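1. coordinates only, sequence not included:
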């Protein structure tokens, strides 16, 4: 389609379909912006979990980029690592892993994300589900013990409480909450106490998912750049908040704890990371505005249901995966009204 | 005060109009050899009237309309027809054209206004005059003006919109024309309004800085133009598209497959209305037009009054274009223009710009669609280009038709914003082409 043409008497001119000017934004600039937006959360993970966080991130990124390069080589395709999407997948995967996870497991997750979830479905843009979320799910079911063994932050406690709890070795704020609600051993003051640490991220949890503040700073950058759209994350977080406020388990929706609990639910676990970086991933989320709202709300509802009734303390990853499968359906049935379409029927 | 209006979708490409916005229209010398295609409009080609060896004068009809939606073609120079044959055509490929050698004398046929003032003339007489002068829409496809305004043949229009917006980047031809010939253009508007019997006439104008709004606002204050209403619209691409303009100004949407007449509107751009005024007031056929020439490779970009049939090479040479740097020559604007394969291609009635570019956009490096939806948000027709591309790519033409590929106005907004640099307009054109072929096959 593009190629020089022309006779012998004139210079060779390039011929192509219009337009002949293009915006500067491209896939690599988008991916680079996502990487930049993940820097605050990366920094937070190193502050809270030390050098091991850095090492895990390096392992994951090496695994994803290396797998992509190797597969391009194997299938004799042009090297596609330059679009930086494998870097983003590696970073996001690392951010969803517990800090103490053995390196080889993290690497296995990275290989799975690229080889099975992305390349097997056609590479960039072809994957049905988010590679990082799918890889985390793969690791969850393959290595459940290692994936739920959390180490406390370097200078903090697992639950972000100012006092240590006795007899609990590996847990996160969400695990604490689930157990407390199940046993009736519920301390609203504990929750309130923990919120501050949870905003900063000084609690037990996955590498880059604990610090709501750091994630939010990165998200603001992406929203400002127009790379993620606000509808998906807002409806995800919003529906999570509303559901955990109404069904807060205390039987009263206007007490102080009725508002602390949803805050706790939104800041705990992977909601922030999931809403802004996984659910808002363009490839695996709908294009249409209504589709995005439904997608985000669906993620919120499923996460809430898993947290409340399911066996896992957190359900963000599963919720996103399930909703990913609905994307083609949402896009197909919620396409925008064509110019002049409704008026014609009148 | 004026309220400027916009529309959903669209883009804001760099306007890049500064290099020529202040350059007055310059008359370009007539070409030594004019190549005059018989197809310079939408609709069937005109029937050629001259043969090799015929002497022609400026303004002489050399091809007659072959039907009600065809347009006459006139000689832009005086001289001898040296051949009638296939020449490079601005829409790509080749087409029938008369090659006329200029004798340099510029001997013209007799041209005069109508017998009585236009406001006393019969509308049919005015339409006949416009038809005889071969006036076509000069901003886009080139629909013959009589086909748009002929009383009885078209739906009665409530609103006439004179499109003085020029949303293509780099293009300043209409801007200069409005600045220098506002009175003629507004008179043309009154003439067409009379023919149409339209209730109102709007003069659509770009509300952005450096535009023609102040100049038109002054002109519209004159008592004779009291019936014309200035209608500022937001400076956004593709605001100048007629369906978009109708939507912006009247809130009516032209139904899929329809024309502006279905929304009770007739849209003509400034250059067209100017040509109408010249035809009706002075009897001058459409054999020359104003265009912006230059682009990034030109040392002296200009607004030129160019005879139809002038080869692009001569136009580019006239504005001192460095052809060693030029990798792409575009006829029309950077958003919608056709990239030319041959520099012999002549300027025609619809050529509003000729630009030489160094860059090869669309970029060579393309990526897979990442489903970001930017194309969908940019589409002023509210289509989903990403899905349409997928359908066309897989030859699912029925599906593409259901998703409205025929509505596409090929404005290029989708491809402009696409971060994967996919040639979306190419797919839309291909899809429409296949759809038309299918429809033809079914009809046969």
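-> The structure has been received and is ready for your questions. All values derive from a computational prediction rather than experimental measurement.
2. Going by C-alpha atoms from here, please, whenever you check contacts or count neighbours.
-> Will do.
3. Burial check on residue 314, number of neighbours?
-> Here I'm looking at chain A. Applying other Cα atoms under 10 Å in any protein chain shown, we find 24 residues neighbouring residue A:314.
4. oops, chain B please
-> 18.
5. how close does it sit to chain A?
-> Distance from residue B:314 to chain A, counting by Cα to the nearest Cα, to the nearest Å: 13 Å.
6. helix or strand for that residue, which one?
-> Per DSSP states H and E: residue B:314 is located in helix B:312-318.
7. Report the spatially nearest residue to the residue of the stretch 1-150 of chain A found nearest chain B, omitting neighbours in sequence.
-> Of all residues in the stretch 1-150 of chain A, the one sitting closest to chain B is residue A:26 (3.8 Å; Cα to the nearest Cα). Closest residue to residue A:26 apart from its sequence neighbours, by Cα to Cα, 6 or more residues apart in numbering or on different chains: residue B:419 at 3.8 Å.
8. Just the element for residue A:14, please.
-> Judged by DSSP H and E, residue A:14 forms part of strand A:13-15.
9. continuing past that strand, what's the next helix or strand?
-> Immediately after strand A:13-15, counting by DSSP H and E, sits helix A:27-49.
10. what packs against that following helix?
-> Of the remaining helices and strands, those touching helix A:27-49 by 3 or more Cα pairs under 8 Å, 6 or more residues apart in numbering or on different chains; DSSP states H and E are helix A:51-74, helix A:85-95, helix A:212-225.
11. So residue A:303 is in contact with residue A:312, correct?
-> No - Residue A:303 lies out of contact with residue A:312 (Cα atoms under 8 Å); the separation is 10.1 Å.
12. and the two? which has more neighbours close in?
-> For residue A:303 and residue A:312, the more surrounded residue by other Cα under 10 Å is residue A:303, and the numbers stand at 25 against 15.
13. Contact partners for that one?
-> A:240, A:314, A:315, A:316, A:318, A:319 (Cα atoms under 8 Å, 6 or more residues apart in numbering or on different chains).
14. Pick out the one among those with the largest number of neighbours.
-> Neighbour tally across those (other Cα under 10 Å): the maximum, 28 neighbours, falls on residue A:316.
15. Quick check: that residue vs residue B:334, distance?
-> Separation of residue A:316 from residue B:334 (Cα to Cα, to the nearest Å): 46 Å.
16. the helices in chain B, which residues?
-> Using DSSP state H, the helices assigned to chain B run over residues B:18-21, B:123-132, B:145-149, B:173-196, B:213-220, B:242-250, B:270-282, B:312-318, B:374-378, B:385-393, B:397-402, B:413-417, B:424-443.
17. where in the stretch 51-200 of chain A is pLDDT low?
-> Applying pLDDT under 70 to the stretch 51-200 of chain A flags the ranges A:156-171, A:184-189.
18. Would you mind naming what in it lies close to chain B?
-> Contact residues (Cα under 8 Å from any Cα of the partner chain) of the stretch 51-200 of chain A with chain B: A:124, A:125, A:126.
19. Would you state the predicted confidence (pLDDT) at the residue in the stretch 1-150 of chain B positioned nearest to chain A?
-> Scanning the stretch 1-150 of chain B for proximity to chain A using Cα to the nearest Cα identifies residue B:13 as nearest, at 7.7 Å. Residue B:13 carries a pLDDT value of 91.
20. Surely it is in contact with residue B:238?
-> No - using Cα under 8 Å as the test, residue B:13 is too far from residue B:238 to be in contact (10.0 Å).
21. Residue B:29: how many residues sit nearby?
-> Residue B:29 has 15 nearby residues by other Cα under 10 Å.
22. swap in residue A:224?
-> For residue A:224, the count of nearby residues is 12 (other Cα under 10 Å).
23. And it, how far from residue A:218?
-> Counting by Cα to Cα - residue A:224 and residue A:218 are separated by 10 Å.
24. SS state for residue A:110?
-> helix (DSSP: H, G, I helix; E, B strand; the rest coil).
25. Can you give me every residue that contacts it?
-> A:60, A:61, A:63, A:64, A:67, A:89, A:90, A:93, A:132, A:135.
26. now do 6 Å
-> A:60, A:63, A:64 (Cα atoms under 6 Å, 6 or more residues apart in numbering or on different chains).
27. okay, those residues in JSON lines with neighbour count and distance to residue B:67 next?
-> Converted to JSON lines, these look like this (neighbours: other Cα atoms under 10 Å in any protein chain shown; distance: Cα to Cα, whole Å):
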{"residue": "A:60", "neighbour count": "30", "distance to residue B:67": "70"}
{"residue": "A:63", "neighbour count": "25", "distance to residue B:67": "68"}
{"residue": "A:64", "neighbour count": "30", "distance to residue B:67": "65"}
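28. returning to that earlier point: let me know how buried the residue of the stretch 1-150 of chain B closest to chain A is, in neighbour terms.
-> Neighbours around residue B:13, by other Cα under 10 Å: 19.
29. next one: residue B:44
-> For residue B:44, the neighbour count with other Cα under 10 Å is 16.
30. my read: it touches residue B:70, true?
-> Yes - contact criterion Cα atoms under 6 Å: residue B:44 and residue B:70 qualify, at 5.4 Å.
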